[in-house]
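Student: below are the sequence and a predicted model for it; my questions follow.
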Amino acid sequence: MAEITLKEAKRMLRQIEAQAYPKYSTSEYVRRGEKRYKAIKDHVEAKYKHKFIAIEVDSGDYFIDQDSVKAVLKARKQYPQTIFYLARIGYPAAFSSKGHIPFL
């Protein structure tokens, strides 16, 4: 399988997400995803800390990769029109930002 660049992966992901139809509200995806993650937390944190996990919230199937986009692309192979719960293993949030935005 040929390697793809992160830019190509993000473009592919945007195209796929345009075809995904949400079954639940955002808060329901988060609730279900957190519940699924909690059930596997000890196992995945022992082996995969710092990596990203994409969880299919209905089945509990999960896909792990060092890169967030690649984790979702792995998940899309099995669940092409699903929205996933994404987390960074061992962290309270998948992403963080530095700096601030001034309010005018």
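Tutor: The structure has been received and is ready for your questions.
Student: for the longest helix that the chain contains, packing partners?
Tutor: Counting residues, the longest helix in the chain under DSSP state H turns out to be helix 26-48. If contacts are counted by 3 or more CB pairs under 8 Å, 6 or more residues apart in numbering; DSSP states H and E, helix 26-48 sits against strand 52-55, strand 62-65, strand 85-88. (Glycine included, C-beta is placed from N, CA and C.)
Student: and among those, the most buried is which?
Tutor: strand 52-55 (a mean of 25; mean count of other CB atoms under 10 Å).
Student: what separates that one from the chain centre, distance-wise?
Tutor: Centroid separation for strand 52-55 versus its chain: 4 Å, with CA atoms, centre = their mean, to the nearest Å.
Student: what is the mean pLDDT for it?
Tutor: The average pLDDT within strand 52-55 is 96.
Student: what lies in contact with it?
Tutor: Residues from elsewhere that reach strand 52-55 (CB atoms under 8 Å, 6 or more residues apart in numbering): 33, 36-37, 44, 61-68, 71-72, 74-75, 84-89, 94.
Student: buried ones in the longest helix of the chain, by neighbour count?
Tutor: Tyr29, Arg32, Gly33, Arg36, Tyr37, Val44, Tyr48 (16 or more other CB atoms under 10 Å).
Student: and if you look at stretch 72-80?
Tutor: Quick answer for stretch 72-80 (16+ other CB under 10 Å): Val72, Leu73, Ala75, Arg76, Tyr79.
Student: okay if I get these as JSON lines plus pLDDT, secondary structure and distance to Arg14?
Tutor: Converted to JSON lines, the buried residues of stretch 72-80 look like this (pLDDT from 0 to 100; DSSP: H, G, I helix; E, B strand; the rest coil; distance: CB to CB, whole Å):
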{"residue": "Val72", "pLDDT": "92", "secondary structure": "helix", "distance to Arg14": "11"}
{"residue": "Leu73", "pLDDT": "90", "secondary structure": "helix", "distance to Arg14": "12"}
{"residue": "Ala75", "pLDDT": "94", "secondary structure": "helix", "distance to Arg14": "15"}
{"residue": "Arg76", "pLDDT": "89", "secondary structure": "helix", "distance to Arg14": "12"}
{"residue": "Tyr79", "pLDDT": "91", "secondary structure": "coil", "distance to Arg14": "17"}
